[in-house]
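[1] Need coordinates for the below:
(2 chains)
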Amino acid sequence: MPRLPTSLLIKAWEENPLLPRLLRECRTLVSARNELRWLRERAQRETPSREWRTRLRAMCRQRSRGVPLQYIIGDQPFGDLEILCERGVLIPRSDTESFTNEAAKTIQGMAKSRNEHSNSKSLRILDLCTGTGCIALLLHQLLSPNFNLKIFGVDISPIALNLAQRNLAHNLEQGYLSEAASTQVQFLRADVLSQGTSELPTVEEILPQLYEHEPKSHEPGSGIETESQLDLLISNPPYISNKDFWNGTTSRSVRRFEPRLALVPPQSTLPDGCNAEDIFYHHILRLSLKYLARVTVLECGDITQARQVVKMHDSMTKSLAQSGEEAKFDVRIWPKTEQECDENGFHLYDGARCVIIRRM
Amino acid sequence: MRLPSALPWSRAINALSKSWGLPLILLIPCQTFTTTPALPAKPFPPRMKFDEADLTISYLKGTGPGGQKINKTNSAVQITHKPTGVVVKCQATRSQSQNAKMARALLADKVEELEKGDQSRTALKLAAARKKKASKLKKTRRKYRNLEKDAPEQENAEGLEELDGGQKVGTDAASKDDGAISTEGNTDHKGSSS
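    Now for the predicted structure:
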């Protein structure tokens, strides 16, 4: 990290003595000013008349130690929602927000082309590694005007599930989510990587609950499936390699204060040709093929990883085709064009990407 | 018709309305008010709407990688209006969607100002505010002028004496008046310029 020039520090101090503290993490004066404004607004709102200055100073001290702004303030906007954040659960990123929007757009586009009516059948959505529940909740907000929904958010961490549940309640209370969300969104504990050997249930074991309120013909396991059982399978799983976690690619603040569980996949037995950081994709793609998911959206760390996921998907479908199951897929990496990157604030070569797989 | 004196008012009025066949409301004596009706404020023209194709919206999340590896707090939104080339940037809140909304409103104001000049929404708003302030100032001026008129003559006289002592000019009274007028003139000037 380049050293901050003394002239900048002096300039910042003259403007406001608290700014140099924030500069340690923000690195630019513009963003330090923004953060100071947001912290001040929060301190004034939370603390009674005179003590807010003390509170603000404490907040700036925390920030200078590298504590993420969202953990200090306690929430993060995500689309039109307000997602509560606390230690032990990954903070929602704006990239994920863009991917969720794109996923909702894909679903809406497909429904329009098929001329489906909203009341025909409920849309089944599974969000794996949900964390704060941000993706599941935002999808409900985006899709509930047009569809009857059934959304499951799954996570292994009890802290995350607790927070997700509170986020659902919080956004209902604030009126950001429609009343229907209280029954249509559910959070459940399961282990995506589990093969049935650990104490926790696997995703396969909890999935039947998604079909509880529907006619029996849709129940999984009843003969040969011809209809898809999932309309959208979406996930932002841990995808940072052990090497990238330590070599400076992952920022210090993230490394120190955000849960490693949500960032780096655990050590486990790897199938052939699968990198350690891609293990979640292997399991999620398997689920996607098993339940004939109509759309699968996976967040990846960068374009290389996204290409790796596409390759994994290709090899899996090829082996399925050999055993007689034919299916056509439309696989794309988003954002791809310069315009898409620019409009959504993505770096052209670096930065997160998502893989969108559509079953044709 | 004679009314029994013991009847309370309400029953009496009821009886009257029945015997005369008039609606109750006409019989109840009520005070009439004359108030000057509040003139409804003339609505400003609505903000102009854009054709989506004319706008380039970009979310500036800062350079470099993103995703889980970095936690960015930057949420600036920049909108370019292609036909006029006006660029607006907003980073007021932490929410991208909120910033986008604010940027749109700002852009609408700017583009309208460019296109319509004096007739734009912002210009009209400013003009209305200026008019209101000017009329308020006029009222205060009138009030203090009246107060001055009513004020006891003594004070004026004392003031004159002091001036006499200082300047020893025969037209002192006139010069003092000038002073008063010039301060008024100042406020007037302020009112019209701001």
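[2] what does chain B put close to chain A?
    B:56-75, B:91, B:93-98 (CB under 8 Å from any CB of the partner chain). All C-beta atoms are positioned from the backbone trio N, CA, C, and that covers glycine.
[3] could you flag which of those residues are buried?
    In terms of neighbour count (16 or more other CB atoms under 10 Å in any protein chain shown), the buried residues within the residues of chain B next to chain A are B:57-62, B:65-75, B:91, B:93-98.
[4] Give me the pLDDT value at the nearest residue to residue A:149 once chain neighbours are set aside.
    Spatial nearest neighbour of residue A:149, excluding adjacent residues (CB to CB, 6 or more residues apart in numbering or on different chains): residue A:184 at 4.7 Å. pLDDT, residue A:184: 94.
[5] For the stretch 201-350 of chain A, which segments count as strands?
    A:232-235, A:295-300, A:329-334 (DSSP state E, counting those that start in this stretch).
[6] Output these in JSON lines; the columns should cover mean neighbour count and distance to residue A:321.
    Formatted as JSON lines, the strands of the stretch 201-350 of chain A follow (neighbours: other CB atoms under 10 Å in any protein chain shown; distance: least, CB to CB, whole Å):
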{"stretch": "strand A:232-235", "mean neighbour count": "26", "distance to residue A:321": "20"}
{"stretch": "strand A:295-300", "mean neighbour count": "25", "distance to residue A:321": "18"}
{"stretch": "strand A:329-334", "mean neighbour count": "14", "distance to residue A:321": "11"}
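[7] And those strands: which comes nearest residue A:97?
    strand A:295-300 (10.9 Å; CB to CB).
[8] Give the other helices and strands that the closest one contacts.
    When contacts are defined as 3 or more CB pairs under 8 Å, 6 or more residues apart in numbering or on different chains; DSSP states H and E, strand A:295-300 packs onto helix A:94-114, strand A:232-235, helix A:279-290, helix A:303-322, strand A:353-359.
[9] Can you pull out the low-pLDDT segments for chain A?
    Applying pLDDT under 70 to chain A picks out residues A:116-120, A:196, A:213-227.
[10] do chain B as well
    Ranges of chain B meeting pLDDT under 70: B:1-42, B:62-64, B:152-194.
[11] Identify each buried residue in the longest helix seen in chain B, please.
    Taking DSSP state H as the criterion, chain B has its longest helix at helix B:121-150. Within helix B:121-150, the residues scored as buried using 16+ other CB under 10 Å are B:121, B:137.
[12] elements contacting it?
    Short answer (3+ CB pairs under 8 Å, 6+ apart): helix B:121-150 packs on helix B:96-116, helix B:172-193.
[13] what angle separates that helix from helix B:96-116?
    80 degrees (axes from the mean of the first three to the mean of the last three CA atoms, to 10 degrees).
[14] Chain B contacts on the stretch 201-350 of chain A?
    So the stretch 201-350 of chain A meets chain B at A:236, A:238-240, A:244, A:249-251, A:253-254, A:258, A:262-263, A:299-302, A:342-347, A:350 (CB under 8 Å from any CB).
[15] Pull out the buried members of the residues you listed.
    A:236, A:238-240, A:244, A:249-251, A:253-254, A:258, A:262-263, A:299-302, A:342, A:344-347.
[16] mind listing what residue B:77 touches?
    The neighbours of residue B:77, taking CB atoms under 8 Å, 6 or more residues apart in numbering or on different chains as the test, are B:57-60, B:89-91, B:96, B:99-100, B:103.
[17] which residues does it bridge with?
    Taking DSSP bridges as the rule, residue B:77 bridges to residue B:59, residue B:90.
[18] Please name the nearest non-neighbouring residue to residue A:61.
    residue A:21 (6.7 Å).
[19] Convert the C-alpha atoms of the helix or strand hosting the one you found to PDB, please.
    Taking DSSP states H and E as the criterion, the element that holds residue A:21 is helix A:19-26. Coordinates of each C-alpha in helix A:19-26 appear next as PDB, following Å, rounded to 0.1, in the frame of the first residue of the first chain:
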ATOM      1  CA  LEU A  19     -10.200  13.000   8.600                       C
ATOM      2  CA  PRO A  20      -6.500  11.700   8.900                       C
ATOM      3  CA  ARG A  21      -7.800   8.800  10.900                       C
ATOM      4  CA  LEU A  22     -10.300   7.800   8.300                       C
ATOM      5  CA  LEU A  23      -7.600   8.300   5.600                       C
ATOM      6  CA  ARG A  24      -5.800   5.300   6.900                       C
ATOM      7  CA  GLU A  25      -8.500   3.000   5.600                       C
ATOM      8  CA  CYS A  26     -10.100   5.200   2.800                       C
END
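[20] Buried residues in that helix, which are they?
    Buried-residue list, helix A:19-26, by 16+ other CB under 10 Å: A:19-26.
[21] Spatially nearest residue to the most centrally placed residue in chain A, not counting backbone neighbours?
    Nearest to the geometric centre of chain A sits residue A:236, at 4.2 Å (CA atoms, centre = their mean). Leaving aside its sequence neighbours, residue A:236 sits nearest to residue A:299 (CB to CB, 6+ apart; 4.2 Å).
[22] Quick check: the one you found touching residue A:100?
    No. Using CB atoms under 8 Å, residue A:299 is not in contact with residue A:100; the gap is 9.4 Å.
[23] and the residue in the stretch 51-200 of chain A that chain B sits nearest to, what does it touch?
    Nearest residue of the stretch 51-200 of chain A to chain B (CB to the nearest CB) works out as residue A:77 at 3.3 Å. When contacts are counted by CB under 8 Å, 6+ apart, residue A:77 touches A:83, B:75, B:93-98.
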